[in-house]
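[1] Provide a 3D model corresponding to the input given below.
(chains A and B)
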Amino acid sequence: MHCVRKVTEDLYWVGANDHRLALFENIHPIPRGVSYNAYVLLDEKTVLFDTADWSVCRQFLENVDAVLSGRPLDYLVINHVEPDHAASIAEILLRHPETVVISNEKAFMLMRQFGFSIDSRYEEVKEGDIKSFGKHTVTFVAAPMVHWPEAMVTFDTTNGVLFSADAFGTFGAIDGKLFNDEVNFDRNWIDEARRYYTNIVGKYGPHVQYLLKKAAGIDIKIICPLHGLVWRNNLGYFIDKYMKWSTYEPEEKGVLLVYASMYGNTESAASLLATKLVEKGMTNVSMYDVSNTDISYLISETFRLSHIVFASVTYNLGIYPKMHNYLMDMKALNIQNRTAAILENGSWACTAGSLIRKFLDEELKGITVLDDTVTLNSAMTTAQEPSMDDMVASIIDSMK
Amino acid sequence: MYFKTTDEQEMLRTKVRDFAEKEVKPIAFLLDKENRFPDEIVKKMGKLNLMGLPYPKEYGGAGLDVVSYAIAVEELSRVDGGTGVILSAHVSLGSWPIFAYGTEEQKQKYLVPLAQGKKLGAFGLTEPEAGSDAGGTETTAVLDGDHYILNGNKIFITNADKADIYVVFAVTAPDTGTHGISAFIIEKGMEGFTFGDHYDKMGIRSSSTAELIFNDVKVPKENLLGKEGEGFKIAMSTLDGGRIGIASQALGIAQGAYENALEYSKERIQFGKPICQQQGISFKLADMATMLRASRLLVYSAAELKENHEPYGMESAMAKQYASDSCLTIVNDALQIFGGTGYLKGMEVERAYRDAKICTIYEGTNEIQRVVIASHITDKVSNDHTPAVGKKHGPITGNRKKMILNEGSAKERTDALVAALKNDGFDFTVGIALDTPIVQAERVVSAGKGIGEKKNMKLIENLAVQAGAAIGSSRPVAETLQYVPLDRYVGMSGQKFKGNLYIACGISGAGQHLKGIKDAATIVAINKDPHAPIFKNCDYGIVGDLMEILPLLTKALDNGKAKKPAPPMVKMKRPTPKKEIPQNLYVCNGCGYEYNPAIGDPENDIRPGTSFEKLPDEWICPECGEDKTGFIKA
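    A predicted model of the protein is given here:
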């Protein structure tokens, strides 16, 4: 049975939800599932914007057929070739021998590499090209490295709809809801939207900025992303988040406390540190165990908050591996412009603190590491309390 | 080939020697003793046509050759090394870059009065973090409309503050190493261009040497010398020629010392005969004469190459290095020949001994001369070696609050200062002795030259008592004015202050002073010049007259009771400086690869310090092959 929704006049959502996939890109947990969005435009010509993952292909095909209701499919516009959106291209082309694929040179190269057979049924477009489907005229805008090199967005100049590819997407199946105003986004969705952006696109801040600058010149009314909700009002809210994330500005003054603890002693010290911070008035403290928190959540929180405390044990004369992994992911995602403090623990040769400091200084950009470090020898005692108080004072001071 | 100077050159030598013997020699001892610049002598040198010797007559010069110029420096140095370097720095460093790289307008405006001797020239390259490695230059020039805005400071500048025209080097394209340096012509008197303290040097004390300080100096665009980014090239080619001057100076100092020693050795009789007839001394004299001849031939031949527009960079480096190394040997032996007599102040060999040492140091240390020579004789690759880009430095004293209290009356400002200090945790009911050693003091009230007359030191003392502080000073206040003992001046060369509160009164903030207070927890600056560098290095500042501010501040700190003895010092914390994000990064549209000029692309022979713009057009992304046009600025 098909399941579609009307987006606006002539435009229909024909995507599908996936609740069975455990790991997005086989790495990021998606307990709330994910939606693969595709859209059909019914004009003098019929146009399908992108396809869906193979896992939901049957539902997707039924949806497309339902909207077309017997009309031929004239064009398939591919904005992004990543297989979660492009895997069903071949199936569409098989069922619709009349369809011509519209995309750019790099996209066609990638389709051939992935084996999405399009033969000679394609029309190549580039930045700024215009295509009319009757009433609706669209412009193609390159969005390189958001987050793949071939990515583009398509803007319908007739009704102000932006097909934004992976930009403005979010994790989470939409399950009947389609529009941002049908949910309480700021309460129930922003965290997953952040986790999606920061882990998938986070590294490419300058490219997102480049796209946002180009988009600033056009009058966008509706944003149709490839995952998650369609935005038809309050666009400024989401664009503001994108501005912050892509310039690596923290959203909030607050402390992210990530700890690595083998027997609970470092955890106990981290709890005391959190308590002292709250007692000094800094209540925006979030604390996570690096060993049992998926790193995608840590990255997301790192983008949200201004300060990070690394509380780590020493392991094999080095940084605790899971903490090290977090640091490397921070580097990979280009996280910058944060203030950090370090609490280290070691029972016979404590190296974690200086190694973390060195990593932050040398491998990341614009991370200010506070001078005050707390060093524990196995477990916190009152002897270390003054140094922890100093660290708390430094953190609070650095927020002024 | 006939290794002999021409009659004209020897006539010039006679003229300069005559002048030096008559005018300079009688006062050389005094100039040295008093650290005095010979203004009158420099004026006369202008009248004698010495100040523009090698420049064409149409630009106000004498139209003579480079050898003649070398002879002039040699002859002046023979009598006084300091006077020699005044000429050398003026001709080779201050004037030559304008002659070689200036536009016709710049030459008319600046070279002509320089060559005529109506104006004095100087050259500003060296900085605290950029000695032999000019890539560490931190002085910046930012284009703003029709002007460049210069900020930074230059140290060890010969002829400062006497010179009228300065060729100064500043960074116009940050993070690109020596490629980002440009040259500017700066005039004395430009707003924001001031001088630090006169250095108290070991030798060449008749020459003036000071620090140049640039505080938002507006330099007209037309004073850019050459093109943007050509500064390093201009500096290096200038120094190629400058070395001939320093080599001549070393030659002259050695010649003078040798002649004095020779004469003395003929008069001094021991064991029944003149010491020059005793082998120990005669061999010394023979070696000295040989080294002098070798030096002279090296110097003149480098000058001759330059005159004939042949490559001379290596030869001038050889001349400078050999002549100055030999000079040290010669002055040492000359003094030895004089024995105890030579060890006395007032003896020319004693002065020559001190004057000589600088010749192996400035305008490229002799180690750098060997680098230059080696680069010419080994692989050419080493010639275009681009030095690694140094780390950027902020203010010398680190990250400071820089809160300048400029709201309200003087009283309101001093009250606001006291309130802020108390808020920071300072307890002004306690205090330390005024004569607590600086290194142990928790607080110091320090006087600079701005304090004026000695009686005003009472204001400093009163303030120190109420601030619970010891008394310190800048270097000139202790050394030149002698208001406080020498062990109370604060600075890199003096005492270092590591306590909590430093109140700098009338101290402009020369680099060496600031280095001495960089560990202070809190720095307060009081100065009437809002452009004084101390304000960029302070936590709290009040712009105003010391005579007005100090009594008000003293009163505001006075709780009406004697200060209780201070408890042991607890060092206050300072905020960690914010880590800067690297600039001028470019990212690839094909893969996200990031090009960082500070790293370059070593696998593809792109050296660190190469800006993205300077990458060759055929350069492609090392990761995905996207060409240069497929990059955007991060």
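
[2] what does chain B have sitting close to chain A?
    Counting by CB under 8 Å from any CB of the partner chain, chain B comes close to chain A at B:573, B:575-582, B:585, B:587-592, B:624, B:630, B:632-634. Using the backbone N, CA and C atoms, a C-beta is placed for each residue, glycine as well.

[3] now the buried members of those.
    Buried by 16 or more other CB atoms under 10 Å in any protein chain shown: B:575-576, B:579, B:582, B:585, B:587-592, B:630, B:634, out of these.

[4] thought B:Arg36 was touching B:Leu30?
    Yes. Under the criterion of CB atoms under 8 Å, B:Arg36 makes contact with B:Leu30 at 6.9 Å.

[5] with neighbour numbers in mind, choose between these two.
    B:Arg36 (14 against 11; other CB atoms under 10 Å in any protein chain shown).

[6] picking that back up, for the buried ones among the residues of chain B next to chain A, give me TSV that also has distance to A:Lys276 and pLDDT.
    Compiled in TSV, those are given as follows (distance: CB to CB, whole Å; pLDDT from 0 to 100):
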residue	distance to A:Lys276	pLDDT
B:Pro575	19	72
B:Thr576	19	78
B:Lys579	25	85
B:Pro582	34	87
B:Leu585	38	94
B:Val587	40	96
B:Cys588	45	96
B:Asn589	47	95
B:Gly590	48	95
B:Cys591	45	94
B:Gly592	40	94
B:Gly630	50	94
B:Ala634	37	90
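
[7] so which of these are in strands?
    B:Val587, B:Cys588 (DSSP state E).

[8] gap between the residue located most distally from the centre of chain B and B:Gln278?
    Within chain B, B:Gly272 marks the point farthest from the mean C-alpha position, 50.9 Å out by CA atoms, centre = their mean. Counting by CB to CB, to the nearest Å, the gap from B:Gly272 to B:Gln278 is 10 Å.

[9] all helices for the stretch 151-300 of chain B, in order.
    Here the stretch 151-300 of chain B has its helices, by DSSP state H, counting those that start in this stretch, at B:231-267, B:279-307.

[10] I meant the stretch 201-350 of chain A, not that one.
    Taking DSSP H, counting those that start in this stretch as the criterion, the stretch 201-350 of chain A carries its helices at A:205-215, A:235-246, A:265-279, A:295-304, A:321-332.

[11] not counting its neighbours along the chain, what's nearest B:Thr103?
    B:Glu222 (7.9 Å; CB to CB, 6 or more residues apart in numbering or on different chains).

[12] my guess is that neighbour meets B:Lys109, correct?
    No. The pair B:Glu222 / B:Lys109 is not scored as a contact, 9.1 Å apart, by CB under 8 Å.

[13] those two: who's more crowded?
    B:Lys109 (17 against 12).

[14] and that one, that one's in a helix?
    Yes. Per DSSP: H, G, I helix; E, B strand; the rest coil, B:Lys109 lies within a helix segment.

[15] what about it, distance to B:Gly60?
    With CB to CB as the criterion, B:Lys109 and B:Gly60 are 12 Å apart.

[16] again, but for B:Ala420
    B:Ala420 is 56 Å from B:Gly60, by CB to CB.

[17] ok, those two, which is more surrounded?
    Ranked by neighbour count (other CB under 10 Å), B:Ala420 and B:Gly60 place B:Gly60 first, with 22 against 17.

[18] residue contacts, A:Ile395?
    A:Val255, A:Leu277, A:Met282, A:His307, A:Val309, A:Thr339, A:Ala341, A:Leu370 (CB atoms under 8 Å, 6 or more residues apart in numbering or on different chains).

[19] ok, 7 Å please
    A:Val255, A:Leu277, A:His307, A:Ala341, A:Leu370 (CB atoms under 7 Å, 6 or more residues apart in numbering or on different chains).

[20] I'd guessed the third one sits against A:Val258; true?
    Read that as A:His307. No. In this structure A:His307 lies outside contact range of A:Val258 using CB atoms under 7 Å: 11.2 Å.

[21] joint contacts of those two?
    Joint contacts of A:His307 and A:Val258 (CB under 7 Å, 6+ apart) do not exist.

[22] quick check: mean pLDDT across stretch B:194-210?
    Averaged across stretch B:194-210, pLDDT comes to 92.

[23] can you list contacts of that stretch?
    Residues contacting stretch B:194-210 (CB under 7 Å, 6+ apart): B:28, B:31-32, B:35-38, B:80-83, B:85-86, B:156-162, B:211-213, B:354-355, B:357-358, B:475-476, B:479, B:510-511.

[24] can I get the buried part of those as one ChimeraX selection?
    Selecting only the buried entries of those in ChimeraX, with 16+ other CB under 10 Å as the criterion:
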select /B:28,31,32,35,37,38,80,81,82,83,85,86,156,157,158,159,160,161,162,211,212,213,354,355,357,358,475,476,479,510,511
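
[25] what ranges do the strands span in the stretch 351-500 of chain B?
    In the stretch 351-500 of chain B, the strands defined using DSSP state E, counting those that start in this stretch lie at B:403-404, B:430-431, B:443-447, B:470-473.

[26] strand partners of the second one, parallel vs antiparallel please.
    Read it as strand B:430-431. Applying DSSP bridges, strand B:430-431 is found paired with strand B:564-565 (parallel).

[27] what do you get for the first one?
    Partner strands and pairing direction for strand B:403-404 (DSSP bridges) are strand B:540-543 (parallel).

[28] which residues sit against the strand it pairs with?
    B:401, B:403-406, B:413-414, B:417, B:420, B:524-528, B:530, B:535, B:549.

[29] strand B:443-447 and the helix or strand just after that strand, what's the angle between them?
    Once strand B:540-543 ends, the next helix or strand along the chain (criterion: DSSP states H and E) is helix B:546-557. Angle, helix B:546-557 to strand B:443-447, by axes from the mean of the first three to the mean of the last three CA atoms, to 10 degrees: 160 degrees.

[30] tell me, what's the model's pLDDT at residue 27?
    No chain specified, so I'll use chain A. For A:Ile27, pLDDT reads 97.

[31] wrong one, I was asking about chain B
    95.

[32] and the helix or strand where it lies, what does it pack against?
    Per DSSP H and E: B:Ile27 is located in helix B:25-34. Of the remaining helices and strands, none touches helix B:25-34 by 3 or more CB pairs under 7 Å, 6 or more residues apart in numbering or on different chains; DSSP states H and E.

[33] gap between the helix or strand that it is followed by and the chain center?
    Next helix or strand after helix B:25-34 toward the C-terminus (DSSP H and E): helix B:39-47. Offset of helix B:39-47 from its chain centre (CA atoms, centre = their mean, to the nearest Å): 24 Å.

[34] let me know the angle separating helix B:39-47 from helix B:25-34.
    Using the same axes, to 10 degrees: helix B:39-47 against helix B:25-34 is 130 degrees.

[35] pull out the buried residues from helix B:39-47.
    B:Ile41, B:Val42, B:Met45, B:Gly46.

[36] just to revisit the earlier point, overlap between the contacts of A:Ile395 and the residues near chain B?
    Among the contacts of A:Ile395, proximity to chain B is found for A:Leu370 (CB under 7 Å from any CB of the partner chain).

[37] the contacts of A:Ile395, buried ones only, as a PyMOL selection?
    Applying 16+ other CB under 10 Å to the contacts of A:Ile395, the buried members can be selected in PyMOL as follows:
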select buried, chain A and resi 255+277+307+341+370
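
[38] and the residue of the stretch 1-150 of chain A that's closest to chain B?
    For the stretch 1-150 of chain A, the residue closest to chain B is A:Pro144, as judged by CB to the nearest CB, at 3.6 Å.

[39] and that residue, how far is that from A:Tyr204?
    9 Å.

[40] tell me the contacts of the residue of the stretch 301-400 of chain A found nearest chain B?
    The stretch 301-400 of chain A approaches chain B most closely through A:Gly366 (3.8 Å), counting by CB to the nearest CB. Counting by CB under 7 Å, 6+ apart, A:Gly366 makes contact with A:Gln336, A:Asn337, B:Lys579, B:Glu580, B:Ile581.
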